[in-house]
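Asker: Below are the sequence and a predicted model for it; my questions follow.
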Amino acid sequence: MPTFPSNPLNAPAYSRVFRKYPALFGVPFVLLIVGASYGLQQFTQTRYELHDQKVTALNKEEELGLAKNRKKFDIREEYFKLSAAAAQDWEPKRIERPKGLPEWGVPPPEPPADSKRS
């Protein structure tokens with residue numbers, strides 16, 4: 001069975017024009033994409049400006065609240081606090097050895113020789 005011909009019998013006129021001059025379709029399409037990008041830029045800019053206003057308002061309120069009760073931070077003081085707390089709560093305690101585990105100084109037994117090796 002033969003394939004269908006690439007040129008239909010009753011092709012519309014615009015189809016022939018677009019096939020002959022592909023830039024007639026491509027250039028307006030690219031212009032539409034670029035124009036939409038510039039048009040949507042205003043909406044996205046407004047969105048981010050509102051977000052920035054909310055964040056800066058919160059930061060100013062936090063600064064006012066935190067500036068009153070601020071304490072000077074000293075890394076050495078924090079280190080000594082943490083080391084003192086760890087030394088107080090820790091106590092060495094020996095646990096029972098699991099069954100079958102040799103005492104200190106006794107090497108573990110040799111593994112059995114494989115019968116598959118020659």
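Answerer: Perfect, I can see it now.
Asker: what helices or strands is the longest helix seen in the chain leaning on?
Answerer: When the chain is parsed with DSSP state H, its longest helix is helix 23-68. In terms of contacts (3 or more C-beta pairs under 8 Å, 6 or more residues apart in numbering; DSSP states H and E), helix 23-68 is packed against helix 13-20. For the C-beta atoms, the positions are set from N, CA and C on the backbone; glycine is no exception.
Asker: Show me what the helix it packs on is packed up against.
Answerer: Judged by 3+ C-beta pairs under 8 Å, 6+ apart, helix 13-20 is in contact with helix 23-68.
Asker: State the mean pLDDT of the helix it packs on.
Answerer: What helix 23-68 shows for mean pLDDT is 82.
Asker: Quick one: distance of that helix to the chain centre.
Answerer: Centroid separation for helix 23-68 versus its chain: 22 Å, with C-alpha atoms, centre = their mean, to the nearest Å.
Asker: Just give the number of residues close to residue 73.
Answerer: Neighbours of residue 73 under the rule other C-beta atoms under 10 Å: 7.
Asker: Give the helix, strand or coil label for it.
Answerer: The local conformation at residue 73, judged by DSSP: H, G, I helix; E, B strand; the rest coil, is coil.
Asker: returning to what we had before: tell me what angle the longest helix of the chain forms with helix 13-20.
Answerer: Using axes from the mean of the first three to the mean of the last three C-alpha atoms, to 10 degrees, the direction of helix 23-68 lies 80 degrees away from that of helix 13-20.
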